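Peer 1: starting from these lines, generate the structure:
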Amino acid sequence: MSASVPEHQELLDRHEYILGRRAELLEQMQSHREQMKIQRKQQVEESEAARHRNSTLLQTRYWASVEESIPAWEHFLLGKGPHPADCPGQPPRRAKQKPSTAKNQGSYFKCRYIRSKWPVAERVGNVIRCCGNVVCVAAVAQTVPPPPSCEEEKS
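Peer 2: Residues are numbered from 1 along each chain as shown. Presented below is the predicted three-dimensional model:
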């Protein structure tokens, strides 16, 4: 029995050591978890700030490029110049029409109020002028709201 008492005491001491070590490790794990939560929160705040900053910068650059390209697109839509995306080395995207032959080519625009076909007064490139209003050719195939002058002719 005397041999079992020191052995029992040694096991108790070892058990106490293991429990102490376990408590230390649990405390370290909790402090590490708290640090990770704080770090994760900071990363989320930083990424949100960066996303907002990038979004603002992208939007600013986009509108600046739009403002820069307005004259070229206006020139193109009036039928006076090449497509703005065409590079000098590339062939043109579509055949160019002479401005003199572009007018009144017998195109028709159906007015839904008058219910008849009227010859288009003027057609230049992709733009149609009907009753004083400018309408895109692509929009003519769809339902187009009538020009104000067509309502007057209805009555």
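Peer 1: any weak-confidence spans in this structure?
Peer 2: Along the chain, the model assigns pLDDT under 70 to residues 1-3, 86-155.
Peer 1: what ranges does it have for its strands?
Peer 2: Ranges of strands in the chain, per DSSP state E, are 108-111, 116-119, 122-124, 127-130, 133-136.
Peer 1: and the gap between Thr56 and Ala64?
Peer 2: Using Cβ to Cβ, to the nearest Å, we find Thr56 at a distance of 12 Å from Ala64. (Glycine included, C-beta is placed from N, CA and C.)
Peer 1: nope, Gln39 is what I was after
Peer 2: 37 Å.
Peer 1: show me the helices in this structure, by range?
Peer 2: With helices called from DSSP state H, the chain shows them at 4-77, 99-102, 137-140, 148-154.
Peer 1: for Pro84, find the nearest of these.
Peer 2: Pro84 lies closest to helix 4-77 among those, at 4.0 Å (Cβ to Cβ).
Peer 1: got the domain boundaries for this structure?
Peer 2: As assigned by automatic domain parsing, the chain contains the domains 1-87, 99-154.
Peer 1: want to throw the helices of the chain into JSON lines with distance to Ala85 and mean neighbour count?
Peer 2: Output for the helices of the chain, formatted as JSON lines (distance: least, Cβ to Cβ, whole Å; neighbours: other Cβ atoms under 10 Å):
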{"stretch": "helix 4-77", "distance to Ala85": "9", "mean neighbour count": "10"}
{"stretch": "helix 99-102", "distance to Ala85": "21", "mean neighbour count": "10"}
{"stretch": "helix 137-140", "distance to Ala85": "17", "mean neighbour count": "12"}
{"stretch": "helix 148-154", "distance to Ala85": "34", "mean neighbour count": "12"}
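Peer 1: and those as a markdown table, adding distance to His83?
Peer 2: Below are the helices of the chain laid out as a markdown table (distance: least, Cβ to Cβ, whole Å):
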| stretch | distance to His83 |
| --- | --- |
| helix 4-77 | 6 |
| helix 99-102 | 16 |
| helix 137-140 | 15 |
| helix 148-154 | 31 |
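Peer 1: and for stretch 49-67, what's in contact with it?
Peer 2: Applying Cβ atoms under 8 Å, 6 or more residues apart in numbering, stretch 49-67 has no contact partners.
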